[in-house]
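J.: here is a sequence with its predicted model. Questions after.
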Amino acid sequence: MEMEIDGQVQEMHTDRQGVVLPKADDLGIGETARWKFSQYGYFAVNKGVRLRHYLFCILEIRDNFVVTRDPTMDREILGKPYYAHIYAHMSQFINDCLQFVEGLVIGEPSYRGERSMLRPLGSRIPFGQSDGRNMQVANMKRVIQNEHANPNIGEAYAIVRTGDLWDDVVPYHIAYVLAKDGNSNITIEADAGTKLRKPVFDIYSVISDSGETFHDRYKAELYNTIVLREIE
């Protein structure tokens, strides 16, 4: 498929739903594989190392890009019909998934406080006080959601190791939900298990038997998935 961008005709990739996405070569990067799409194709991410910091969305729905306490800014890369969103507070980014999500949930990207700002859906016990306490909370039947987890915009997924902890083992992973498209949740995440200088975007299905839920992604290393929200 070809389409006119900024007065020039360029070849574009088209997914099975007819949604046009830019070639990574057009960005001067050269990674064209590993695209992931939201249900209706309004959002896309590329899991390549140099593209995972961008969230691509169709320009026509930009005004309907519903983000709680918007943590991103617009950066036009290819002109119509695509925008690529990147995190707006890079100088304040810390690669710690809990602190990062706490800052997004309360609308303070620079938050570094000691007080826990999140609690699980189904409990009023704060999350983040200690690894041992987190494991206790994540083992409560009333908070475990696993493949059925479906946070609202402005809430977060959390998957928590509930067995023994030892050195160099990641005790949990947390991802903030910033947009939805049908049965897809779009997230922004830090990950202390990898070397990141910028947060990354991802897309997960909320269909429990899809094999593409947040829980499916991490259950081999971590165990129980819960939903976190701001402490009232």
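T.: Here it is on my side, so go on.
J.: residues touching the longest helix seen in the chain, excluding its own?
T.: Using DSSP state H to assign secondary structure, the helix with the most residues in the chain is helix 97-106. Applying C-beta atoms under 8 Å, 6 or more residues apart in numbering, the external contacts of helix 97-106 come out as 69, 71, 92-94, 109-113, 116-118, 127-128, 154-156, 172-176, 178, 188-192, 199, 228-230. Where C-beta positions appear, they are placed from N, C-alpha and C, glycine not excepted.
J.: list of residues touching the helix or strand following that helix?
T.: Sequence order places strand 118-120 as the next helix or strand after helix 97-106, per DSSP states H and E. Contacts made with strand 118-120 from outside it, assessed by C-beta under 8 Å, 6+ apart, are listed as 98, 101-102, 105, 125-128, 137-138, 140, 143, 156, 158, 226-231.
J.: are any of those buried, and which?
T.: The neighbour-count test (16 or more other C-beta atoms under 10 Å) marks 98, 101-102, 105, 125-128, 137-138, 143, 156, 158, 226-229, 231 as buried among the contacts of strand 118-120.
J.: can you spell out the domain ranges of this protein, please?
T.: The record's domain parsing of the chain by automatic domain parsing lists 2-87, 94-230.
J.: weakest of those in terms of mean pLDDT?
T.: Summarising mean pLDDT across the domains of the chain, the least confident stretch is domain 2-87, with a mean of 54.
J.: G163 contacts Y223, correct?
T.: Yes - distance between G163 and Y223: 6.9 Å, which falls inside the contact criterion (C-beta atoms under 8 Å).
J.: of these two, who's got more company?
T.: Y223 (19 against 9; other C-beta atoms under 10 Å).
J.: ok, now which ones touch that one?
T.: Y223 makes contact with A138, I159, V160, R161, T162, G163, according to C-beta under 8 Å, 6+ apart.
J.: give the bridge partners for the third one, please.
T.: When bridges are assigned using DSSP bridges, the partners listed for V160 are Y172, N224.
J.: that one contacts I174, correct?
T.: No - the pair V160 and I174 does not pass the contact test of C-beta under 8 Å, sitting 9.2 Å apart.
J.: that older thread, among the buried ones among the contacts of strand 118-120, which lie within strands?
T.: Cross-referencing the buried ones among the contacts of strand 118-120 against strands under DSSP state E gives A156, A158, I226, V227, L228, R229.
J.: which residue sits closest to the residue positioned nearest the centre of the chain, ignoring its sequence neighbours?
T.: Central residue of the chain (C-alpha atoms, centre = their mean): T187, 1.9 Å from the mean position. What sits nearest to T187 in space, not counting adjacent residues and going by C-beta to C-beta, 6 or more residues apart in numbering, is A175, at 4.1 Å.
J.: now H89
T.: The shortest distance from H89 to any residue other than its chain neighbours is 4.1 Å, reached at P109 (C-beta to C-beta, 6+ apart).
J.: show the contacting residues for that neighbour.
T.: By C-beta under 8 Å, 6+ apart, the contact list for P109 reads P71, A88, H89, Q92, F93, G103.
J.: how does it look with 10 Å?
T.: Contacts for P109 were tallied using C-beta atoms under 10 Å, 6 or more residues apart in numbering; they are 69, 71, 87-94, 100, 102-103.
J.: and for S210?
T.: S210 sits next to E147, N183, Y204, D216 when contact means C-beta under 10 Å, 6+ apart.
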